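A.B. asks: Sharing a model that was predicted from the sequence below.
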Amino acid sequence: VSHSSGTSAIVSSTPLLVDAVIIGTGQAAVPLAVALAGQGESVVVFEGGQLGGSCVNVGCTPTKTLRKSARVAHMARRAHEYGIHVGEIRVDFAAAMERTAAVVDASRGGLTRWLGGASGVALVREWGRLDGRLGERFVVRGSTAVVHASRVYVNTGTRPFLPSVPGLDDVQVFTNESILQLRELPEHLVILGGSYIGLEFGQIFRRLGSRVSIIEAAQNVAAREDEDIISRVADLMTAEGVALHTHSTVVDITRPDSASSATACTVTVQHRATGVQQTLDASHVLVATGRSPNTNDLGMNTVGVTLDDRGFIPVNGGLETSVRGVFALGDVNRRGAFTHTAFQDFEIVLANHRGGARSADGRITTYAMYTDPPLGRVGLSEREARELAKQGRRFLVATHEMRFVSRAKEEGETTGVIRVLVDAETDRFVGASLLGIGADEIVQIIGALIAADAPYQVLRDALPVHPTVTEFFPTILGKLKPFE
Ligand SMILES: Cc1cc2nc3c(=O)[nH]c(=O)nc-3n(C[C@H](O)[C@H](O)[C@H](O)COP(=O)(O)OP(=O)(O)OC[C@H]3O[C@@H](n4cnc5c(N)ncnc54)[C@H](O)[C@@H]3O)c2cc1C
């Protein structure tokens, strides 16, 4: 395999025999390719889109970068509360988007250099597809390249799911991918979907100056979370001027003859309980109603792998499919939907390839929602724990308002709540939900204690630093009590 630095290295119809093929450069692919090549294996990586997958190009990196511009604008507007006067606040949307693009480009550039610097890896800039076996090897085809590999790793991720809404196909709507190309601020952004991606984009665009309406079919936004978290998130969004249409569905989307631009349309929303309809004049519509796995044209069936009911690839704890030698990593295996789970998939697969016995079984759900303030989550929510309590499990719970946390008061950012859940029999943490400043970082303390299998008393008796949000853990843990 020849060394490649970002361009197609293989343009040949003669099959190439290699140790491993990786299809898709999601968050597991590049480190895996480099690690396998580092131990002397020959590796071919297929990527039909942009190197680095969703996270780097159209997911985490751009949203968290743009979120910072939005936060700066927000804090500039609040500056007077801190005794600072900054004059007129003007958002240069195009500049914020260019800054975002530059961070994305630098990030992708780093990955490209990393992959290109590994000898033994060839990058094929084509969509890859399994095409059965030849003897012991799997056949993977691109549009020109044909590779025969002993092992195949699928890391093809997900794409936006577009719901079937009358008129949706006839108008120009945006996804998390295309919205990053905008350089003119949407006047009125209507977002379909009030889960994590919809809320993050909604708050960002509101803070950058758009009017924002979010339509969510469920009773609440971020409906998976505990009630009090949900209501605080909803309150903070509405306080910033985001219009929430919950328990509502889109009846149709039309493009009026008088539309002022190619992206302008009228969205008719209906409240599910009352049937009351409203029309929203959108300058732009963003669809954030979930994700679909990129498995429809992968040829998994040609090697005997059957997809699940939603098109994901079933795997065991070692992330291997029912066919020995074929692995699925990242979002497509339905064992996580995050960059950190995809990266851990890489670590598990590599460790096992080197003779280890790591497993994704028993993985604790851990994530953050990057509203501002963020929500940090690990393990069970209170609602989930209460369900388990009905089957006889016993838990202890403690909740502490952020408005009583000195650091939050000092920062003037008191929105939020901290909740920890402990197994009453083992004294081990089973979950935490933190909405508040620094929550995405702080929640990981609980995650680390769960991983260490340490009793909650370790944190209760530890010496915290003052003044931090974390210093309240001993106080909070002193308030643990059973569910009422
Ligand atoms: C707006 C948004 C914000 C997000 N924010 C966060 C966040 O803050 N934190 C977090 O942890 N996660 C976040 N995520 C989720 C995160 O992006 C994904 O979980 C992460 O990228 C892992 O994906 P993956 O490794 O499965 O593959 P992906 O990153 O989706 O990459 C898959 C790659 O495979 C390629 N591909 C697909 N099919 C083929 C084929 N047949 N041949 C060749 N190449 C193929 C694609 O072009 C793509 O480059 C966010 C997602 C979105 C959409």
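C.D. replies: Perfect, I can see it now. Residues are numbered from 1 along each chain as shown.

A.B. asks: which non-adjacent residue is nearest the residue of the stretch 301-450 of the chain found nearest the ligand?
C.D. replies: Closest to the ligand within the stretch 301-450 of the chain is Gly330: 2.3 Å, counting by Cβ to the nearest ligand atom. Where C-beta positions appear, they are placed from N, C-alpha and C, glycine not excepted. Using Cβ to Cβ, 6 or more residues apart in numbering and skipping residues adjacent in sequence, the residue nearest Gly330 is Ala342, 3.6 Å away.

A.B. asks: Can you list the buried residues in the helix or strand encompassing the one you found?
C.D. replies: Element membership for Ala342 (DSSP states H and E) is helix 339-353. Using 16 or more other Cβ atoms under 10 Å as the test for burial, helix 339-353 gives 339, 341-346, 348-350, 352-353.

A.B. asks: What of stretch 363-377?
C.D. replies: 365-377.

A.B. asks: what sits against the residue of the stretch 301-450 of the chain closest to the ligand?
C.D. replies: 24, 26-28, 53, 155-157, 336, 341-342, 345 (Cβ atoms under 8 Å, 6 or more residues apart in numbering).

A.B. asks: how close does the residue nearest to Gly330 sit to Ile445?
C.D. replies: 23 Å (Cβ to Cβ, to the nearest Å).

A.B. asks: can you check Gly59 too?
C.D. replies: 25 Å.

A.B. asks: now swap in Leu396 and tell me
C.D. replies: 17 Å.

A.B. asks: Now do the contacts for Ala273.
C.D. replies: Counting by Cβ under 8 Å, 6+ apart, Ala273 has contacts His247.

A.B. asks: mind checking the SS state of it?
C.D. replies: At Ala273 the chain is in coil, as set by DSSP: H, G, I helix; E, B strand; the rest coil.

A.B. asks: what's the pLDDT at it?
C.D. replies: Looking at Ala273, its pLDDT stands at 96.

A.B. asks: what about stretch 275-288, how long is it end to end?
C.D. replies: 23 Å (Cα to Cα, to the nearest Å).

A.B. asks: Other residues contacting it?
C.D. replies: 160, 162-163, 168, 171, 173-176, 179, 182, 186-193, 195, 197-198, 201, 213, 245, 251, 253, 260-261, 263-271.

A.B. asks: Would you report which members of the residues you listed are assigned to strands?
C.D. replies: 160, 188-192, 213, 245, 251, 253, 265-271 (DSSP state E).

A.B. asks: Of those, keep whichever come out buried.
C.D. replies: 160, 188-192, 213, 245, 253, 265-270.

A.B. asks: so which of the residues you listed comes closest to the ligand?
C.D. replies: The closest of those, once distances to the ligand are taken by Cβ to the nearest ligand atom, is Pro160, at 7.4 Å.

A.B. asks: Retrieve the pLDDT associated with the closest one.
C.D. replies: 97.

A.B. asks: I figured it was touching Phe174, is that so?
C.D. replies: No: applying Cβ atoms under 8 Å, one finds Pro160 not in contact with Phe174, separated by 9.5 Å.

A.B. asks: Residues of the stretch 51-200 of the chain that sit close to the ligand?
C.D. replies: For the stretch 51-200 of the chain, the residues in contact with the ligand (Cβ under 6 Å from any ligand atom) are 53-55, 59-60, 63-64, 127-129, 155-158, 176, 197.

A.B. asks: One more pass at 5 Å, please.
C.D. replies: By Cβ under 5 Å from any ligand atom, the residues of the stretch 51-200 of the chain that approach the ligand are 53-55, 59-60, 63, 127-128, 156-157, 176, 197.

A.B. asks: could these go into a markdown table alongside neighbour count and secondary structure?
C.D. replies: Putting these into a markdown table (neighbours: other Cβ atoms under 10 Å; DSSP: H, G, I helix; E, B strand; the rest coil) gives the following:
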| residue | neighbour count | secondary structure |
| --- | --- | --- |
| Gly53 | 29 | helix |
| Ser54 | 25 | helix |
| Cys55 | 23 | helix |
| Gly59 | 21 | coil |
| Cys60 | 17 | helix |
| Thr63 | 20 | helix |
| Trp127 | 18 | coil |
| Gly128 | 27 | coil |
| Thr156 | 29 | coil |
| Gly157 | 26 | coil |
| Asn176 | 21 | coil |
| Ile197 | 23 | helix |
